[in-house]
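*Asks:* just to be clear, the model below is a prediction. Sequence and coordinates:
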Amino acid sequence: MTSELISLTAAETASKVASGEVSAVEVANAHLDRIGAVDERVHAFLYVDREGAIAAADAVDKARAAGEQLSPLAGVPLALKDVMTQKGIPTTCGSKILEGWRPPYDATVTARLKAAGVVILGKTNMDEFAMGSSTEHSAYGPTHNPWDLDRIPGGSGGGSAAAVAAFEAPLAIGTDTGGSIRQPAAVTGTVGVKPTYGAVSRYGLVALASSLDQAGPCSRTVLDAALLHSVIAGHDPMDSTSVTDPVPDVVGAALRADVKGLKIGIVRELGGEGYQAGVRQRFDEAVTILEGLGAEIVEVSCPHFPYALAAYYLILPSECSSNLAKFDGVRFGIRVGEGDGDPSIEQVMGRTRAAGFGDETIRRIMLGTYALSAGYYDAYYGQAQKVRTLIQRDFAAAFAQADVLISPTAPTTAFKLGEKLDDPLAMYLNDVATIPANLAGIPGMSLPVGLAPEDGLPVGLQIMAPALADDRLYNVGAALEAALLQTWGHPILQEAPSL
Amino acid sequence: MSTSTADAVVPYDEVVAEFDPVLGLEVHVELGTNTKMFCGCPTEFGAEPNTQVCPVCLGLPGSMPAVNATAVESAIRIGLALNCKIATWCRFARKNYFYPDMPKNFQTSQYDEPICYDGYLDVDVETDEGMKTFRVGIERAHMEEDTGKTSHQGGATGRIHGADYSLVDYNRAGIPLIEIVTKTIEGTGKYAPEVARAYVTALREILRGLGVSDVKMEQGSLRCDANVSLRPSPDAKFGTRTETKNVNSLRSIERAVRYEMTRQAAVLRAGGTIIQETRHWHEDTGITTSGREKSDAEDYRYFPEPDLVPIAPDPAWVEKLRSELPENPAVYQARLQAAWGISDFDMMAVVRSGALDLVAETVALGADQAAARKWWVGELTRIANDRAVELTELPITPADVARVEALVGEGALNDKLARQVIEGVLAGEGSPDEVVAARGLAVVSDDGPLLEAIDAALAESPDVAEKIRSGKVAAAGAIVGAVMKATRGQADAGRVRELLLERLGVSE
């Protein structure tokens, strides 16, 4: 029974709970048991809220018994990235500096999940403050890829992706600043969506780079992602950058799954050199499948994409240096060195930050502080914003030729833990294909398109759509997913070694 | 340490003979909105520390600001009243610096895109050649949030250095502020201190008229920083400036500017250089002392606030706000001055004492303008100064003053009694009529008791009575005085004199 319950999709689980075939408490328990059985090795979770999860599941069962109308994801367990606040539950962002902090409020995403009867199992591991592509920059130790425990699960949302891939939860919330939902999805054989910037409220999402951050769904199927997307999206007055447009019908699009007559653009600059052979092979096969489904394949060029990575690594550190200034030991989190000598407040702030932040965080704070300094601002931050505008224009031109754009999500499959830890530039290159969407604020999805022949590890394909046209991702993704499933005969995660 | 020794100064007339002052004034106004700039917390003054806070104004991880629309409206109205241009598109910016009373360690402010810019305010100053108008250019007026309030406990100075520990109250964090910055103010010559004061006075009247702030300098809802520099002549380049903070009254602005000019002149005369720094004004000793050094190199790493969307006020809305502005105080003043028929000098006295609205209201309630001015600008201003409060904070209203004047007009009170009634009202004894009743302060208008008193006085001084009878009417004063004394001042002296002369059968 347990293994059956954990292998269900979110849609199936919700329907079984709604019909009374299983109780939400049984579902929650099955997942908590699974976490108990495998998470010691995967380390997807930083905190498991057993009591809260059971209580939430019980409330769903009671509501059902009382004849109340259940929302479409009621009783479905979910893993919440530790960058999102949940009232009373430890929220560390993968950092020592927030150790012990229990937020006094729910993020808007958290509140919407709770209101929808989604059962939050706990908080997932991540690179510190969402900076990284491997989850190795977590102060609490890395997460391991369920496909190969010696490999990285991607980052920064490696915990959320691994939890879904390891059947510890059918759904997870990730956040994506430069690829932190999509790249982990690609290397774990799961689905991850970064919605249009502003589609999902950032209130309660501990900011890395405010102009780039966006929360979104992680799941094992495109439909499940769409169901979660429609729960968390929508305008929020607490986040003035959240869009006021109605949420597109993403669930309808996932059910439609029809690409006939659609123009799909392959981005010339995202592929080729630097991309692993097996990644290219699976990508090319997927293109052939899409063509076979009736889509028209065109090649588009985005000439400024080669500058995206450089622009990103100026904008992100700049905003991050300011966003992370509040972590000073005065109001929350740890405080270091207060009793050592007779320190000034500045010294205590300095000691707290030096002890509380990891190397990568400090590196980016210093980069950003420098880039925003008087005399350097125009050359760095200002110039990067111009590149951002050019990338937006590239996308506008490309979307004039195609309804959606596609590329490999990441240049390689999952690499070994420790392999790139001492080489920040090599690490940064993992996000080369995902960053442009963040710079332009457009939505992107990664879904699995097979295993690379050379290493047997999952390969992800990225779909990008114009801002506010998130539904196109789900339509194309669901069509491709269905065709691949037919080819494979079973979901790809069944090929992962059992844990 | 820093407060112990006063700096050398040069006599003011020598300063202005040798140097040309240049000013720049920064005024911070706390808006009187019900809620804070970026969250829904209340803004009431004086609540228990850290009771008016939430995740947003505490800067908790994950929280985000949302702009208070009323604050934007107030900012635009202030800009319009100061003849500013209103930006069609502007943004907030982050001013990054670490300080424990700054919850996010950056202040959400505006930088190179203020909502209001390029305006002016004309102010009148009494000069040797009569009243003269100075135009003070407004560089910008922008929106920002206030910081929390730190109090340093222990130690001798109340400053952070030497304190045992510090307490932070975040109730003030996030209160909406408008910072109004002047262009450099040149060409004032020796009237620089007066122009500074007149500017803040006029600005305060405008803000009061707009109803956007309670503009209480002593509570910090209107704060002024004065930048002062000296140069050898009006065509020389600007000297190094200092920024004097903690200037908490109109009088202090004038004094602080004057002091800083005399101090800088002494430094320059001695061949020294002015250090660009923040200085603190000390109300009690009337001097400024050095604060932290503030160089242009101080780097706030401003960048556009990515958590807020740009503000693009609808031009039609701006025009609507413009059309609804209250009358400009200067126009209002000119209108009242004409109606009252008083001199520029008398009008200045009313404005400077901050009594304009009070006098106008008192007159509107029927009092004579001269009487209303006498009370508010004379008697009551003196009392307010003695009590170190604002005129408006005295427990007396224009209606009270108008009623006292009405009683005087009816002959029910004379001047001396009227003063006693005002005293009673200020002492909390009730309305003027209640004070009159309770203290028994009516003018004795019944002739009977007066005639008795007159007869008694005449009997006491038969020689004087004889003098008056013989035509020396001037001697009547002594008898009138005696009667007034006997009636404890409640008699109408005019009537006493009439009755006395009648009694003795003489005429004037």
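*Replies:* That came in fine, so what should we check first?

*Asks:* now do the SS call for residue B:136.
*Replies:* strand (DSSP: H, G, I helix; E, B strand; the rest coil).

*Asks:* same thing with the one 5 residues further on?
*Replies:* Using three-state DSSP, the three-state assignment for residue B:141 comes out as strand.

*Asks:* please name the nearest non-neighbouring residue to residue A:319.
*Replies:* Distance criterion C-beta to C-beta, 6 or more residues apart in numbering or on different chains; nearest residue to residue A:319, sequence neighbours excluded, is residue A:209 at 4.1 Å. Any C-beta I mention is one placed from the backbone N, CA and C, and that applies to glycine too.

*Asks:* kindly apply the preceding question to residue A:25 instead.
*Replies:* residue A:57 (4.5 Å).

*Asks:* tell me the contacts of residue 82?
*Replies:* Went with chain A since none was named. With contact set as C-beta atoms under 8 Å, 6 or more residues apart in numbering or on different chains, residue A:82 has these partners: A:46, A:47, A:91, A:92, A:93, A:94, A:123, A:124, A:125, A:126, A:159.

*Asks:* wrong one, chain B
*Replies:* Applying C-beta under 8 Å, 6+ apart, the residues near residue B:82 are B:116, B:119, B:120, B:121, B:138, B:141, B:180, B:203, B:206.

*Asks:* low-confidence ranges, chain A, go.
*Replies:* A:1-2 (pLDDT under 70).

*Asks:* one more time with 80
*Replies:* Along chain A, segments meeting pLDDT under 80 span A:1-3.

*Asks:* any idea which residue sits dead centre in it?
*Replies:* The residue lying closest to the centre of chain A (C-alpha atoms, centre = their mean) is residue A:181, at 2.1 Å.

*Asks:* quick one: contacts for that residue?
*Replies:* Contacts of residue A:181 (C-beta under 8 Å, 6+ apart): A:157, A:160, A:161, A:174, A:175, A:192, A:193, A:194, A:216, A:217, A:218, A:446.

*Asks:* the third one and residue A:478, how far apart?
*Replies:* Summarising the geometry, the distance separating residue A:161 from residue A:478, computed by C-beta to C-beta, to the nearest Å, is 19 Å.

*Asks:* these two: which is more packed in?
*Replies:* residue A:161 (38 against 25; other C-beta atoms under 10 Å in any protein chain shown).

*Asks:* state the phi and psi torsions of the more buried one.
*Replies:* When read as degrees, to the nearest 10, the backbone of residue A:161 gives phi -70, psi -40.

*Asks:* settle this for me: it is touching residue A:179, isn't it.
*Replies:* No: assessed by C-beta atoms under 8 Å, residue A:161 is found out of contact with residue A:179, at 11.6 Å.

*Asks:* what's the burial count for the residue in the stretch 1-150 of chain A positioned nearest to chain B?
*Replies:* Relative to chain B, the nearest point of the stretch 1-150 of chain A is residue A:85 (4.6 Å; C-beta to the nearest C-beta). Residue A:85 has 31 neighbouring residues, counting by other C-beta under 10 Å.

*Asks:* surely residue B:337 meets residue B:347?
*Replies:* Yes: counting by C-beta under 8 Å, residue B:337 does reach residue B:347; the two are 4.5 Å apart.

*Asks:* these two: who's more crowded?
*Replies:* residue B:347 (20 against 17).

*Asks:* what's the pLDDT at that one?
*Replies:* Residue B:347 is assigned 91 on the pLDDT scale.

*Asks:* OK, contacts around residue 125?
*Replies:* No chain in the question, so chain A it is. A:43-46, A:82, A:94, A:135, A:138, A:140-143, A:158-159, A:162.

*Asks:* correction: the question concerned chain B.
*Replies:* Contacts of residue B:125 (C-beta under 8 Å, 6+ apart): B:131, B:132, B:133, B:134, B:191, B:194, B:195, B:198.

*Asks:* same thing with residue B:500?
*Replies:* B:454, B:468, B:476, B:479, B:480, B:483.

*Asks:* export those to JSON lines and tack on distance to chain A?
*Replies:* JSON lines is the format used below for the contacts of residue B:500 (distance: C-beta to the nearest C-beta, whole Å):
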{"residue": "B:454", "distance to chain A": "79"}
{"residue": "B:468", "distance to chain A": "84"}
{"residue": "B:476", "distance to chain A": "79"}
{"residue": "B:479", "distance to chain A": "78"}
{"residue": "B:480", "distance to chain A": "74"}
{"residue": "B:483", "distance to chain A": "74"}
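
*Asks:* give me the buried entries from the residues you listed.
*Replies:* B:454, B:468, B:476, B:479, B:480, B:483 (16 or more other C-beta atoms under 10 Å in any protein chain shown).

*Asks:* by contact count, what packs against the helix or strand hosting the second one?
*Replies:* Read that as residue B:468. In this structure, residue B:468 sits in helix B:462-469 according to DSSP states H and E. Helix B:462-469 is packed against helix B:476-486, helix B:493-504, with contacts defined by 3 or more C-beta pairs under 8 Å, 6 or more residues apart in numbering or on different chains; DSSP states H and E.

*Asks:* can you list these in TSV and add mean pLDDT?
*Replies:* Converted to TSV, these look like this (pLDDT from 0 to 100):
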stretch	mean pLDDT
helix B:476-486	86
helix B:493-504	83
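
*Asks:* fine, thanks again, bye for now.
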